[in-house]
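**Student:** sequence? don't have it. structure:
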């Protein structure tokens, strides 16, 4: 499996001339392999937003190495490496520059000098991938939040990136919009094998990942599957990370004598267990 991204003992401080100031990121290492979905989670101030800026070259570490597609990220190759990444940010309204949906998706392609015929083909393909091809000539400001983020994802996909980075991309959406975006990303992974890295505090998003990195105080506190991370339970709560609703409800039900077979991260799993353990005959 090819390595898409790696951080090797990366340390960064916003105040390098002040040794008493705590590092924003300290000695962090991890890798993202082709086709994986990695979620980086943690409370505010944990370092996850700084990691996002380090990955796309907005910041450079004082120590350690960041590699994208086996190239060390430097100021010299920054723009070439960025062209391999698709970024979707927190506020969809801040990402739109085109008068119509198709203009917006075409914007980055035009800046990269993609020939017109190829550009039109990519715009249509990308919008079809996110199920927004019926909105080609709509004005972005008239779309819902979830639709706007799906268009933003289309804009990233049109560049044919090796890695899609979601930087708190669902945090400003209502539940329906959030569900739309996450379903879109799941479908894209199944259809294309897209590599995804999401920086999030949304537990429903993090649960979908193959692996989670839990950041605390600028350090990598834990790494593992969602089940392994959430199995830390109260330890996570003490460090400012909530637990999925289904896990909290499972715990309460067991405390009140309800028979359940396991621990559950999703409501669907909990409902199935309730049915199987208590009602199905």
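**Tutor:** Cool, the structure landed. All of these numbers come straight from a predicted model, not from anything done at the bench.
**Student:** end to end on stretch 129-146, go ahead and measure it.
**Tutor:** Using Cα to Cα, to the nearest Å, the end-to-end distance of stretch 129-146 comes out at 15 Å.
**Student:** got the buried residues for it?
**Tutor:** Across stretch 129-146, burial judged by 16 or more other Cβ atoms under 10 Å covers 129-130, 132-133, 135, 140, 143, 145-146. C-betas here are computed from N, CA, C, even on glycine.
**Student:** residue 62 and residue 54: what is the separation?
**Tutor:** Taking Cβ to Cβ, to the nearest Å as the measure, residue 62 and residue 54 are separated by 11 Å.
**Student:** quick one, helices of this protein?
**Tutor:** If DSSP state H is used as the criterion, the helices of the chain fall at 48-55, 78-82, 101-111, 116-129, 145-157, 175-192, 203-206, 226-230, 234-238, 245-255, 267-278.
**Student:** name the residues contacting each of residue 62 and residue 54.
**Tutor:** Listed as contacting both residue 62 and residue 54 by Cβ atoms under 8 Å, 6 or more residues apart in numbering are residue 12.
**Student:** show me which of the two is the more surrounded one.
**Tutor:** More neighbours sit around residue 54 than around the other of residue 62 and residue 54, counting by other Cβ atoms under 10 Å; the figures are 22 against 12.
**Student:** contact partners for that one?
**Tutor:** Contacts of residue 54 were listed using Cβ under 8 Å, 6+ apart, and they are 7, 10, 12, 25, 60-61, 66.
**Student:** how far away is it from residue 61?
**Tutor:** As judged by Cβ to Cβ, residue 54 and residue 61 stand 6 Å apart.
**Student:** just residue 279 next, same as before
**Tutor:** When distance is defined by Cβ to Cβ, residue 279 is 55 Å away from residue 61.
**Student:** more neighbours, these two?
**Tutor:** Using other Cβ under 10 Å, the more surrounded residue of residue 279 and residue 61 is residue 61, with 19 against 7.
**Student:** hmm, residue 14 and the more buried one touching each other?
**Tutor:** No - the pair residue 61 and residue 14 fails to qualify as a contact (Cβ atoms under 8 Å) at a distance of 11.8 Å.
**Student:** low-confidence stretches in the stretch 1-150 of the chain?
**Tutor:** Judged by pLDDT under 70, the stretch 1-150 of the chain has its weakly predicted residues at 1.
**Student:** name the residues contacting each of residue 54 and residue 61.
**Tutor:** Going by Cβ under 8 Å, 6+ apart, residues that sit against residue 54 and also against residue 61 are 10, 12, 25.
**Student:** which one of those residues sits in the busiest neighbourhood?
**Tutor:** Within the shared contacts of residue 54 and residue 61, most neighbours by other Cβ under 10 Å means residue 25, with 29 neighbours.
**Student:** beta partners of that one?
**Tutor:** residue 12 (DSSP bridges).
**Student:** pull the residues that contact stretch 270-277.
**Tutor:** Residues outside stretch 270-277 that contact it (Cβ under 8 Å, 6+ apart): 246, 249-250, 253, 258-262, 264.
**Student:** before we move on, what about stretch 128-138?
**Tutor:** Stretch 128-138 is contacted from outside by 100-102, 124, 127, 143, 147, 150-151, 153-154, 157, 184, 188, 191-192, using Cβ under 8 Å, 6+ apart.
**Student:** go on, stretch 102-120?
**Tutor:** The contact list for stretch 102-120 (Cβ under 8 Å, 6+ apart) reads 83, 96-98, 122-123, 126-127, 136-137, 140, 151, 154-155, 158-159.
**Student:** biggest separation within those, which pair?
**Tutor:** 83 and 137 (27.6 Å; Cβ to Cβ).
**Student:** show me just the buried residues among the contacts of stretch 270-277.
**Tutor:** Among these, those classed as buried by neighbour count (16+ other Cβ under 10 Å) are 246, 249-250, 253, 260, 264.
**Student:** contact partners for the residue nearest the centre of the chain?
**Tutor:** With distances taken as Cα atoms, centre = their mean, residue 198 lies nearest the centre of the chain, 1.4 Å away. Taking Cβ under 8 Å, 6+ apart as the contact definition, residue 198 lies against 37-40, 165-166, 169, 205-206, 209.
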